[in-house]
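J.: Provided below are the primary sequence and the corresponding predicted coordinates.
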2 protein chains.
Amino acid sequence: MNYFSSDFKLGILGGGQLGKMLLTETRKFDIQTYVLDPSDEAPCKIGSNKFFQGSLMDFDTVYNFGKQVDVLTFEIEHVNVAALEKLESEGIKVYPSPATLKQIQNKGDQKDFYIANKIPTADYRRFENLNDLKLAVEEEQILMPFVWKSTEGGYDGNGVKVIRSAESFEGLPDVQCIAEVMVPFIHELAVIVTRNPSGEIKTYPVVEMEFHPEANQVEYVICPARIPDAVSEDARDIALKVSEAFNHVGLLAVEMFRTEDDQIVVNEVAPRPHNSGHYSIEASYTSQFEQHLRAILDLPLGNTDSKAAGIMVNLVGAEGYSGNVVYENIEKILGQDGVTPHIYGKKQTRPFRKMGHVTIVNEDINEARRIAEEVKNSIKVISN
Amino acid sequence: MNYFSSDFKLGILGGGQLGKMLLTETRKFDIQTYVLDPSDEAPCKIGSNKFFQGSLMDFDTVYNFGKQVDVLTFEIEHVNVAALEKLESEGIKVYPSPATLKQIQNKGDQKDFYIANKIPTADYRRFENLNDLKLAVEEEQILMPFVWKSTEGGYDGNGVKVIRSAESFEGLPDVQCIAEVMVPFIHELAVIVTRNPSGEIKTYPVVEMEFHPEANQVEYVICPARIPDAVSEDARDIALKVSEAFNHVGLLAVEMFRTEDDQIVVNEVAPRPHNSGHYSIEASYTSQFEQHLRAILDLPLGNTDSKAAGIMVNLVGAEGYSGNVVYENIEKILGQDGVTPHIYGKKQTRPFRKMGHVTIVNEDINEARRIAEEVKNSIKVISN
């Protein structure tokens, strides 16, 4: 197959920041792209060969879009799977496959899948609705605190809540859900695994999410994770096992906990480029976006080693600001060594909206961490 | 000034591969771009916010284009300088300035400038036309062999010829020219210098052009150059001196010879991102394209150090092939460690047309060189 400067067309469902960073790679290789997104202001309007505005959940819209391309991928899991299945049955290559996506889309099914495949994960129970869960709590079948997760539709922390008392139930939607034991972890880790249709597999190094000591928010994604080698090896092995179980094509980001007794427990997966892999654009020999492209086109996978230590800081909209975005002090952080801002191109900021990220690369991980803190403390996403 | 996700507009004259790689950076920072290029199939048609088809040499076209933007830059020197001067006089920021461009566009003026500024360069004489040069040769004022250069319009080796005998004059255009002494060099080197309007200056490491032993063509651009540190320091110092003399804004690529007795002699300069800096996209903390953008927007300059050794191989159209391009064995080279192809997006190949380049990065420069040779021997730019 001739992908480069040819008539080949790659379709991408979703035109947000993940799609935008994937387009950097399709432009580099001069591979034609068609992008579908509901928003007329999607970041992928620029950089794609053809942009289509439409719903990702509408069968006909997704089906008609998919019929125009040779390979179809997605940057977001919330897409019409029935349309993907029909496209696949008609010979369009869909990567990751609709079968993989179905196993992942529903968090209850995802948990069942881990159990069936002997992958370590936190204990849980599934409930058809909120009332069933409340009853189980009243009957003390489920003990507080625990983690409530909506099985479908959660994204970026939505659809997840720690239930500490009966009051925590307030405002929860009445949907299918799981109640999960809280894992007492000392590190939250992630490993990105890539597979291509020919079966080549590569894992990226283990990354670590460093949390704010009080706010309990991820502040930094750090590569490599500052953990013992033996724990890293365990984490990569388990990520590989998860990847093999799913038999996916493309990227699979495996989020894990390291418990106090050095056990690795799988939290959840995402079958696409992932926030925890953004550092790779600057720090790795092959960025996760190029790697995803290589995988779904069945090209040889690239080297996943790092050229330097990498730390990623998310740029989210500051509280109290809504409107036309302004990146305050961005000139200041550009004056620091090895600092690269990525601005996603969303014109409007809102509190906590993901507006961009900043990568800090340095030979010395401690120096990178020091600069990352300066970046975090300087830049602010506000409105004018 | 607020450049990021704002109404600010950067204009780029020329929409070829240099512009395309610059657009990767403007997209990363979400900076709006307008691009002007004569070709309806220019690589920058995708990735720019607005693309205009028109002549870069036509006063009105360039002037009207420039009036729509806040800062204007160019990826090619052959543009209408009078239009740039008028735009600058009307308050549009033009970087590099028309004054700098004028000093560089004419190779005779460029050589005179080196002499005036005590910058070492090969001895030369200027001639108004071919006949004057021939007379000087007949009268043995000029001894063969020497290098003939057209003072204007030369590009990528056009407009340069070694004159070894009277027969060499055949086919030369009757234009203003210089005759330059052939420098017996052992290395061809280049240094990219960046300056911003605030006066911050940074130099990239010295790179080395490795020539094919027989064909006398550049095969590899290697960073860092495999030369003694003292010679590197000399080369960077001289590049800085050139940069200071021009007082330019943006990138300045300074091409130099290292003579047999370790003297550094300036050959010529280009006031823009340069082929000799393409390695920086993967190998440097800051790519030359991001650096150019930082410079012309008066942002702090980025770290010019390398994360790893980098080698660049040009992909030019193979002899005997014209038509729809096919990159033969590109899958094969993607299977090598640290190999990144850049495909410029020109649909049609022609013998020797620049169609792309490949960067090889590796911790070990010798291993990078070994892989670069495999890349060079594998990939072929042909037509179907």
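T.: Thanks, I have it.
J.: Going by C-alpha atoms from here, please, whenever you check contacts or count neighbours.
T.: Will do.
J.: pLDDT weak spots in chain A?
T.: A:154-157, A:215-216 (pLDDT under 70).
J.: Quick check: can you list the domain ranges of it?
T.: Domain assignment for chain A by automatic domain parsing gives A:9-94, A:123-181, A:185-383.
J.: so how many other residues sit close to residue A:184?
T.: 11 (other C-alpha atoms under 10 Å in any protein chain shown).
J.: pretty sure it contacts residue A:261?
T.: No - here residue A:184 lies out of contact with residue A:261, judged by C-alpha atoms under 8 Å, at a distance of 9.5 Å.
J.: Which residue comes closest to residue A:182 once chain neighbours are left out?
T.: residue A:146 (5.4 Å; C-alpha to C-alpha, 6 or more residues apart in numbering or on different chains).
J.: just the helices in the stretch 1-150 of chain A please.
T.: For the stretch 1-150 of chain A, applying DSSP state H, counting those that start in this stretch gives helices covering A:17-28, A:59-66, A:81-89, A:98-105, A:107-116, A:130-138.
J.: Buried ones in the helix or strand hosting residue A:369, by neighbour count?
T.: Residue A:369 is part of helix A:365-378 when elements are defined by DSSP states H and E. By neighbour count on 16 or more other C-alpha atoms under 10 Å in any protein chain shown, the buried set for helix A:365-378 is A:365, A:368-369, A:371-372, A:375-376.
J.: Quick one: neighbours of residue A:210, just the number.
T.: 17.
J.: That one belongs to a helix?
T.: No - counting by DSSP: H, G, I helix; E, B strand; the rest coil, residue A:210 is not part of a helix but strand.
J.: Quick check: closest non-adjacent residue to it.
T.: Closest to residue A:210 by C-alpha to C-alpha, 6+ apart is residue A:220, at 5.1 Å.
J.: interface residues of the stretch 151-300 of chain A facing chain B?
T.: Counting by C-alpha under 8 Å from any C-alpha of the partner chain, the stretch 151-300 of chain A comes close to chain B at A:282, A:285-286, A:299-300.
J.: Tell me the residue of the stretch 151-300 of chain A that sits nearest chain B?
T.: Per C-alpha to the nearest C-alpha, the residue of the stretch 151-300 of chain A with the smallest distance to chain B is residue A:300, at 5.0 Å.
J.: sec struct for that residue, please.
T.: Residue A:300 is classified as coil under three-state DSSP.
J.: What's the local residue count around residue A:110?
T.: Residue A:110 has 19 nearby residues by other C-alpha under 10 Å.
J.: ok, and the closest non-adjacent residue to it?
T.: Once flanking residues are discounted, residue A:110 sits nearest to residue A:104: 5.1 Å by C-alpha to C-alpha, 6+ apart.
J.: mind checking how far the one you found is from residue A:76?
T.: 12 Å (C-alpha to C-alpha, to the nearest Å).
J.: between the two, who's got more neighbours?
T.: The residue with more neighbours, out of residue A:104 and residue A:76, is residue A:104; 22 against 19, by other C-alpha under 10 Å.
J.: From chain B, how far out is that one?
T.: 30 Å (C-alpha to the nearest C-alpha, to the nearest Å).
J.: ok, now which ones touch that residue?
T.: A:110, A:269-271 (C-alpha atoms under 8 Å, 6 or more residues apart in numbering or on different chains).
J.: What is the nearest of those residues to residue B:320?
T.: residue A:271 (44.5 Å; C-alpha to C-alpha).
J.: Next, count neighbours for the closest one.
T.: With other C-alpha under 10 Å as criterion, residue A:271 counts 28.
J.: okay but residue A:353 is in contact with residue A:317, surely?
T.: Yes - using C-alpha under 8 Å, residue A:353 is in contact with residue A:317, at 5.0 Å.
J.: Stretch A:168-176 spans what distance, first to last residue?
T.: End to end - C-alpha to C-alpha - stretch A:168-176 spans 17 Å.
J.: mind listing what's buried in it?
T.: For stretch A:168-176, a neighbour-count test (16+ other C-alpha under 10 Å) marks A:169, A:175-176 as buried.
J.: Any idea what residue A:259 is bridged to?
T.: residue A:185 (DSSP bridges).
J.: nope, residue A:270 is what I meant
T.: Applying DSSP bridges, one finds that residue A:270 bridges with residue A:253.
J.: Any idea how many residues pack against it?
T.: Residue A:270 has 18 nearby residues by other C-alpha under 10 Å.
J.: which ones are touching it?
T.: A:104, A:252-254.
J.: let's see it at 7 Å
T.: A:252-254 (C-alpha atoms under 7 Å, 6 or more residues apart in numbering or on different chains).
J.: Then residue A:122?
T.: Applying C-alpha under 7 Å, 6+ apart, the residues contacting residue A:122 are A:180-181, A:183, A:265.
J.: Which ones among those residues map onto helices?
T.: Within the contacts of residue A:122, no residue falls in helices by DSSP state H.
J.: from the residues you listed, which single one is nearest residue A:7?
T.: Distances from residue A:7 to the contacts of residue A:122, taken by C-alpha to C-alpha, are shortest for residue A:265, at 44.3 Å.
J.: That closest one against residue A:256, yeah?
T.: Yes - with contact defined as C-alpha atoms under 7 Å, residue A:265 reaches residue A:256; the gap is 5.5 Å.
J.: Among these two, which residue is more densely surrounded?
T.: Taking other C-alpha under 10 Å, residue A:265 and residue A:256 do not tie; residue A:256 has more neighbours (26 against 21).
J.: what's the closest non-adjacent residue to that one?
T.: Closest to residue A:256 by C-alpha to C-alpha, 6+ apart is residue A:266, at 4.4 Å.
J.: Show me what that neighbour is bridged to.
T.: Going by DSSP bridges, residue A:266 forms beta bridges with residue A:121, residue A:256.
J.: just checking, it touches residue A:253?
T.: No - using C-alpha under 7 Å, residue A:266 makes no contact with residue A:253, being 10.9 Å away.
J.: picking up where we left off before, make a markdown table out of the contacts of residue A:122 and add distance to residue A:210.
T.: Shown next, in a markdown table, are the contacts of residue A:122 (distance: C-alpha to C-alpha, whole Å):
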| residue | distance to residue A:210 |
| --- | --- |
| A:180 | 22 |
| A:181 | 22 |
| A:183 | 17 |
| A:265 | 17 |
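J.: Output the residue of chain A whose distance to chain B is smallest.
T.: At 4.1 Å from chain B, residue A:47 is the closest residue in chain A, using C-alpha to the nearest C-alpha.
J.: List the contacts of that residue.
T.: A:23, B:46-47.
J.: just to revisit the earlier point, tell me which of the buried residues of stretch A:168-176 is nearest to residue B:65?
T.: When these are compared for distance to residue B:65 (C-alpha to C-alpha), residue A:175 wins out at 55.7 Å.
J.: and that closest one, how far is that from residue A:163?
T.: Taking C-alpha to C-alpha, one finds residue A:175 at 16 Å from residue A:163.
J.: and if you look at residue A:128?
T.: Computed as C-alpha to C-alpha, the residue A:128 to residue A:163 distance reads 17 Å.
J.: Same question for residue A:363.
T.: Counting by C-alpha to C-alpha - residue A:363 and residue A:163 are separated by 42 Å.
J.: Those two - which one has more neighbours?
T.: Higher neighbour count among residue A:363 and residue A:163: residue A:163, with 18 against 14, using other C-alpha under 10 Å.
J.: and that one, bridged to which residues?
T.: Under the criterion DSSP bridges, residue A:163 forms beta bridges with residue A:146.
J.: Hmm, it is touching residue A:149, no?
T.: No - between residue A:163 and residue A:149 there is no contact, the gap being 10.1 Å when judged by C-alpha under 7 Å.
J.: follow-up on the earlier one: can you name the residues that contact the residue of the stretch 151-300 of chain A closest to chain B?
T.: Per C-alpha under 7 Å, 6+ apart, neighbours of residue A:300: A:294, B:331, B:334-335.
J.: among those, which are in helices?
T.: Within the contacts of residue A:300, residues falling in helices by DSSP H are A:294, B:331, B:334.
J.: State the distance from the first one to residue B:147.
T.: Here the distance between residue A:294 and residue B:147 works out to 46 Å (C-alpha to C-alpha).
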